[in-house]
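Enquirer: Whatever this is, show me its structure:
(one chain, ligands or ions: 2)
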Amino acid sequence: MKIVITRYLPDDVTKELVENFDVVMWEKENEPMPREQLLEEIKDADGLFTNVADQVDYELLEKASKLKVISTMAVGYDNIDVEEAKIRGIVIGHTPGVLTEATADLTFALLMAAGRRIVEGMDVIRENEWNSWGPFFLTGQEIYKKRIGIIGLGRIGLGVARRAKGFSMDILYHNRSRNKEVEEELNATYCELDELLTTADYVVLLAPSTNDTYKMMGTAEFAKMKKSAVFINTSRGTNVDEDALYHALESGEIFAAGLDVFDPEPIHSDHPLLKLRNVTALPHIGSAAIETRLAMARLASENLINGLKGQPLVHEVR
Ligand SMILES: NC(=O)c1ccc[n+]([C@@H]2O[C@H](COP(=O)([O-])OP(=O)(O)OC[C@H]3O[C@@H](n4cnc5c(N)ncnc54)[C@H](O)[C@@H]3O)[C@@H](O)[C@H]2O)c1
Ligand SMILES: O=C(O)[C@H](O)CO
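Expert: Ligands and ions are numbered 1, 2, ... in the order given. Here you go, the predicted model:
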């Protein structure tokens, strides 16, 4: 059987794949396999090892007449046309869990960086703009005992809530369902989105990209937030109306934003959002800790092997 791996991966990850299958692997780690090549290679492939940057869409699936398993090295699978794949009997694997803590760490790091203007401080030094200590120079927002509102309290949202508890934050959450255990463990309060938006000091978006969440943060939502509030998005760029976010930040409707994800990616350096000093932007590195990425790659490999051997995947997208 043939498998296509769309990014270079280290030998210890690919060892078992190479032993079992005919492997075609793109040789670059930080550049995608060119679309034309992927569309060609997929024609006689049984398995695809992919990631968030590949579009596994109708056009690709139409060509993939032998494809049995798609394995993505990510928890989110909004880049895959799941419905179309299911119609064709293709099994899809993903990597929830192993990236939860690293992504929660990064989310909290962004919250602190945006709230306390950390990157701006470094820019000021680099640009030689630091003249003297000033009473209100680079003043940001407190974090300790402030209110955090988490939209999407799943695995990563819960990880962020646990970190927030360490800062004695008042935790609000909005989710598809209530989680009584979490409410007890963290003294967290479930609320409607409106209450979360109007009262939180930090609004953290961690819901997946779905039809329901498309641009769920737009002009009306940012208008409801406090002027002193900080918005953090480590979910997907498609969940946010970026023009509305720009206007909210530029007009002072909200204090700052910390963003790890954009629509589309990669964001270009000319983008208006990147001209704003109250934006802390990162290149989709939520899960980018070495151990985490290795665990994701190994899990994706296990999913692919299991699927091609006709065994249950460790984590299948249902
Ligand atoms: N920045 C990164 O590098 C990075 C890394 C990992 C995951 N992610 C993103 O984070 C998302 C969450 O990952 P997870 O493992 O916590 O997933 P999860 O499924 O455990 O949690 C998602 C939560 O969102 C809730 N939700 C769904 N729709 C909602 C809505 N309309 N309003 C409010 N809540 C809603 C669900 O009920 C669930 O509790 C992923 O789907 C992915 O898009 C990003
Ligand atoms: O969904 C995911 O897993 C991320 O976006 C990449 O880690």
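Enquirer: Run through the strands of the stretch 101-250 of the chain in chain order.
Expert: Taking DSSP state E, counting those that start in this stretch as the criterion, the stretch 101-250 of the chain contains strands spanning 147-151, 170-174, 189-190, 202-205, 230-233.
Enquirer: Tell me which of the ones you listed lies nearest to residue 32.
Expert: Each of the strands of the stretch 101-250 of the chain has some distance to residue 32 by Cβ to Cβ; the shortest is strand 230-233, at 22.9 Å. To be clear about C-beta, it is placed using only N, CA and C from the backbone, and glycine gets the same treatment.
Enquirer: quick one: is the closest one near ligand 2?
Expert: No. Between strand 230-233 and ligand 2, judged by Cβ under 6 Å from any ligand atom, nothing touches; the nearest distance is 11.7 Å.
Enquirer: same deal with stretch 236-254?
Expert: No. No part of stretch 236-254 sits near ligand 2 under the criterion Cβ under 6 Å from any ligand atom; the closest distance found is 7.4 Å.
Enquirer: Start the count at 52 instead of 1 going forward.
Expert: Okay, residue one is now 52; in that scheme the one you just asked about reads as stretch 287-305.
Enquirer: In TSV, list the strands of the stretch 152-301 of the chain along with distance to ligand 1.
Expert: Formatted as TSV, the entries for these read as follows, by distance: least, Cβ to the nearest ligand atom, whole Å:
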stretch	distance to ligand 1
strand 198-202	5
strand 221-225	5
strand 240-241	11
strand 253-256	9
strand 281-284	8
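Enquirer: hang on, residue 84 is in a helix, isn't it?
Expert: No. Remark: residue 84 does not belong to a helix; assigned using DSSP: H, G, I helix; E, B strand; the rest coil, it is coil.
Enquirer: wait, it sits on residue 58?
Expert: Yes. Here residue 84 lies in contact with residue 58, judged by Cβ atoms under 8 Å, at a distance of 7.3 Å.
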